[in-house]
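S.K.: Coordinates only, no sequence provided:
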């Protein structure tokens, strides 16, 4: 990182001039820090749930969620089910399941209850 140039305006404000590469590097570090903060918040929330004795997601499911998967997809994969198998158990179309997993649609309480029952997990895991 090269030394920045400081410029004073006629009003006394200081402006900092730096190389574009240095600016991009700073923005990249800020993005990484924000992502780390989100991960820490999720971790802290899970720790609080454990301490409170709430229904806690298995570690594999939590890890998949941290990698960006939806809860439904993470739980389905954890149970070793395909969308087609889940469709056969619930009569919820594979296309609708795909939409739920991608976040394009949200399920009704009845749909969520069917999914929880078919996957043998508490309904609270989907909230």
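M.R.: Perfect, thanks for sending it. On a predicted model such as this, the values are computed, not experimentally measured, just so you know.
S.K.: by contact count, what packs against the worst-scoring helix or strand of the chain on mean pLDDT?
M.R.: When each helix and strand of the chain is scored by mean pLDDT, DSSP states H and E, helix 20-52 comes last, with a mean of 86. With contacts defined as 3 or more C-beta pairs under 8 Å, 6 or more residues apart in numbering; DSSP states H and E, the packing partners of helix 20-52 are helix 59-66. C-beta here means a position set from N, CA and C on the backbone, and glycine is covered the same way.
S.K.: So which elements touch the helix it packs on?
M.R.: Helix 59-66 packs on helix 20-52, helix 71-78, going by 3+ C-beta pairs under 8 Å, 6+ apart.
S.K.: What's the separation between residue 87 and residue 93?
M.R.: Per C-beta to C-beta, to the nearest Å, residue 87 is found 6 Å from residue 93.
S.K.: Among these two, which residue is more densely surrounded?
M.R.: residue 87 (17 against 11; other C-beta atoms under 10 Å).
S.K.: ok, the more buried one touching residue 100?
M.R.: No: judged on C-beta atoms under 8 Å, residue 87 makes no contact with residue 100 at a distance of 11.6 Å.
S.K.: okay, how far is it across stretch 64-75, tip to tip?
M.R.: Terminal residues of stretch 64-75 are spaced 9 Å apart (C-alpha to C-alpha, to the nearest Å).
S.K.: Likewise for stretch 115-127?
M.R.: 13 Å.
S.K.: Please work out the average pLDDT along it.
M.R.: The average pLDDT for stretch 115-127 rounds to 90.
S.K.: Show me what it is in contact with.
M.R.: Contact with stretch 115-127 is made by 54-55, 57, 61, 71-72, 75-76, 79, 81, 86, 89-90, 92, 100, 107, 112-113, as judged by C-beta atoms under 8 Å, 6 or more residues apart in numbering.
S.K.: Go again with 6 Å.
M.R.: Outside of stretch 115-127, the residues within contact range by C-beta atoms under 6 Å, 6 or more residues apart in numbering are 55, 71, 75, 79, 89-90, 112-113.
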